[in-house]
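Chemist: Okay, here's the prediction I keep looking at, along with the sequence it came from:
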Amino acid sequence: MNKKFANPYIVFYPVISRDGMVFPVNKCIQEMQGPAYREDVAWRGNIVIAKYRDNPFTSMINASMADFPILKNYLLTHGCPRQA
């Protein structure tokens, strides 16, 4: 995520599978996106979102329910970054 948060988030997502096959679409994110879902920019595989304290990302901290709307909004408005 590219915004200046006091405690920034990093989204980890798979890029290349061991067998070279495409990862399956992440159903949870697909359901959140609803009618806005687009196959060409679908999030695939297991997604891990980490919240950090301090710079440069030295210590992970627990997320709270207050983080959920921020992350949900990000996933609703951003497709998965291009795969290499």
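Modeler: Received, thanks.
Chemist: Could you tell me which helix of this structure is the longest one?
Modeler: helix 68-77 (DSSP state H).
Chemist: Pull up the per-residue confidence for the residue most central in space within the chain.
Modeler: Nearest to the geometric centre of the chain sits V11, at 4.4 Å (Cα atoms, centre = their mean). Note on V11: pLDDT of 87.
Chemist: what sits against S17?
Modeler: S17 makes contact with F23, G45 under the criterion Cβ atoms under 8 Å, 6 or more residues apart in numbering. Backbone N, C-alpha and C define where each C-beta goes, glycine included.
Chemist: er, V48 I mean
Modeler: With Cβ under 8 Å, 6+ apart, V48 has these contacts: V11, F12, Y13.
Chemist: which residue packs closest to the last one, ignoring adjacent ones?
Modeler: Right, the one you point to is Y13. I47 (5.2 Å; Cβ to Cβ, 6 or more residues apart in numbering).
Chemist: Let's see the pLDDT reported for that neighbour.
Modeler: 90.
Chemist: related to what we said a few turns ago, got the CA positions of the longest helix of the chain in CSV?
Modeler: In CSV, the C-alpha atoms belonging to helix 68-77 read as follows (Å, rounded to 0.1, in the frame of the first residue of the first chain):
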residue,chain,number,x,y,z
PHE,A,68,-10.5,-4.1,8.5
PRO,A,69,-12.3,-1.2,6.7
ILE,A,70,-9.0,0.2,5.4
LEU,A,71,-7.8,-3.2,4.1
LYS,A,72,-11.2,-4.0,2.6
ASN,A,73,-11.4,-0.7,0.8
TYR,A,74,-7.9,-1.3,-0.6
LEU,A,75,-8.8,-4.7,-1.9
LEU,A,76,-12.0,-3.4,-3.4
THR,A,77,-10.4,-0.6,-5.3
